[in-house]
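Student: I need the structure of the sequence given here:
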Amino acid sequence: MNTPKVAIIVCTYNMAKYLPESLDSIFALRYPNFEVVVVDDGSTDGTEELVKRGYSQRVIYLHQENRGLPAARNAGIAAISDAGYYSIMDADDKVHPLKIWDEVALLERFADVAICFSNSLIFGKDPRENRPLKNGLNLIGLDKLWGRVENPIEKIAKYEAYTAHSTIRATAMHAVGGYDENQKFAEDLDLAIRLTRVGKIGFINKLRYLHRKQGQGMTVYMKDNIVYQMQIFESIRQNSGAYSDEEMKLLRQKEKSLLLNALKDIASARADSKLYDFVVGRFSRDATWEERTQIRLMKFVMLTRTGKAIAKWKDWRRRRLWATAKMPSPEEVLADMSPCFDSVVP
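Tutor: This is a model prediction of the structure:
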């Protein structure tokens, strides 16, 4: 059976607590031809000792000074030059045994697909918070377990049709130059948009990845993530000739959606007015009447104590929904061993 080589890139920064779970799940993969690179991006928690003690014969270990996630992923990609595919994974997550099998099978069937990802389960300490990350019905249609995502820019604009936890064709990755190392946050959105220029997106509508919820602080999101997200769209405007007029409209729609979400977070946290002004300024003159109304409302919320009340109400509402919804556990996800494909060859 022809099984192309997959390089699995695991980047870690002070994740020694979870890294063994992640690596053990990788070595339980039901795929016969893969190699693992662990890129330690300047950890100070004993990660190097942990890897060398328990996994030195099974992984390529790279240590570098802290340079950020995109640089770490590029280092992992460069370490295995003969791979047919690169599979990206976080050091605190778990992978389903059939994830690589199904994603490579789809990529092998469709030569025009550049990147394939699966539905993911977000899980944390509270099992009531478990929930799927993606909505497959929006991406590939009703009752489909796998398929190509048609009109990928439209799907990226409307849904979260991109992910850090993908399998990417090596030729496509090299064609776009890998990850942008200047893009410290939102590097996955940036890469997904650039990959649509060289191929299509594939999706496996089964839970094949377990993404651990760490509860990143709001401050980091607001002060860094939104700024780097906007850099993506500045780059798109500077390279607008690579996109059709309709795609540019859709990408502007995505940009404004991210800005409005940031405004809500800023208002709820009562952040400083400079950040608010930065986000509002990005709307320029093309904000609709509805968007201008939302901006004014967020300004009112930020200047009063309403934001904290709204945040408490949203948290209460989420917990009520979690209490009534039956979401799968990580154990239930891992127990589903029915593959989407019988073979990885066309």
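
Student: CA only for contacts and neighbour counts going forward, please
Tutor: Will do.

Student: what's the longest strand in this structure?
Tutor: For the chain, the longest strand by residue count, based on DSSP state E, is strand 200-212.

Student: Could you pull out the buried residues of that strand?
Tutor: 200-212 (16 or more other C-alpha atoms under 10 Å).

Student: which residue packs closest to residue 200, ignoring adjacent ones?
Tutor: On the basis of C-alpha to C-alpha, 6 or more residues apart in numbering, the spatially nearest residue to residue 200 that is not a chain neighbour turns out to be residue 113, at 4.3 Å.

Student: isn't the one you found right up against residue 107?
Tutor: Yes: in this structure, residue 113 sits in contact with residue 107. The criterion is C-alpha atoms under 8 Å, and the distance is 6.0 Å.

Student: Common neighbours of the two, please.
Tutor: Common contacts of residue 113 and residue 107 (C-alpha atoms under 8 Å, 6 or more residues apart in numbering): 169, 202.

Student: quick one: which of the two has more around it?
Tutor: Neighbours around residue 113 and residue 107, counted as other C-alpha atoms under 10 Å, are more numerous at residue 107. The numbers are 26 against 23.

Student: The helix or strand hosting the more buried one packs against which elements?
Tutor: Applying DSSP states H and E as the criterion places residue 107 in helix 99-109. Applying 3 or more C-alpha pairs under 8 Å, 6 or more residues apart in numbering; DSSP states H and E, we find helix 99-109 packed against strand 113-123, strand 166-169, strand 200-212.

Student: Dig out what residue 211 forms beta bridges with.
Tutor: residue 122 (DSSP bridges).

Student: give me every residue that touches it.
Tutor: Here residue 211 is in contact with 92-94, 120-123 (C-alpha under 8 Å, 6+ apart).

Student: Switch the helices and strands packed on helix 99-109 over to TSV; also include mean pLDDT and distance to residue 58.
Tutor: Formatted as TSV, the entries for those read as follows, by pLDDT from 0 to 100; distance: least, C-alpha to C-alpha, whole Å:
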stretch	mean pLDDT	distance to residue 58
strand 113-123	92	25
strand 166-169	96	20
strand 200-212	92	21
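
Student: Which SSE is immediately downstream of the helix ranked longest in the chain?
Tutor: If each helix of the chain is counted by residues according to DSSP state H, the longest one is helix 245-269. Stepping forward along the backbone from helix 245-269, the first helix or strand reached (DSSP H and E) is helix 273-281.

Student: Using CSV, write down the CA coordinates of that next one.
Tutor: Included here for helix 273-281 are C-alpha records, laid out as CSV according to Å, rounded to 0.1, in the frame of the first residue of the first chain:
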residue,chain,number,x,y,z
SER,A,273,-9.8,53.7,24.9
LYS,A,274,-6.8,53.6,22.6
LEU,A,275,-7.5,50.0,21.7
TYR,A,276,-11.2,50.8,21.1
ASP,A,277,-10.2,53.7,18.8
PHE,A,278,-7.8,51.4,16.9
VAL,A,279,-10.5,48.9,16.2
VAL,A,280,-13.1,51.5,15.3
GLY,A,281,-10.7,53.2,13.0
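
Student: so where is the stretch 101-250 of the chain shaky, pLDDT-wise?
Tutor: For the stretch 101-250 of the chain, the stretches flagged by pLDDT under 70 are 127-129, 134-135, 161, 215-223.

Student: Can you show me the helices along the stretch 51-200 of the chain?
Tutor: According to DSSP state H, counting those that start in this stretch, the stretch 51-200 of the chain carries its helices in the segments 69-79, 99-109, 136-140, 152-158, 170-175, 187-195.

Student: Let's have these in a markdown table, adding distance to residue 290.
Tutor: Supplementary listing: the helices of the stretch 51-200 of the chain in a markdown table, determined by distance: least, C-alpha to C-alpha, whole Å:
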| stretch | distance to residue 290 |
| --- | --- |
| helix 69-79 | 36 |
| helix 99-109 | 40 |
| helix 136-140 | 25 |
| helix 152-158 | 18 |
| helix 170-175 | 39 |
| helix 187-195 | 26 |
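
Student: Can you tell me which of these is nearest to residue 14?
Tutor: Using C-alpha to C-alpha as the measure, helix 69-79 is the one of the helices of the stretch 51-200 of the chain that comes nearest residue 14, at 12.5 Å.

Student: which parts of the closest one are buried?
Tutor: Residues of helix 69-79 classed as buried: 69-77, 79 (neighbour count, 16+ other C-alpha under 10 Å).
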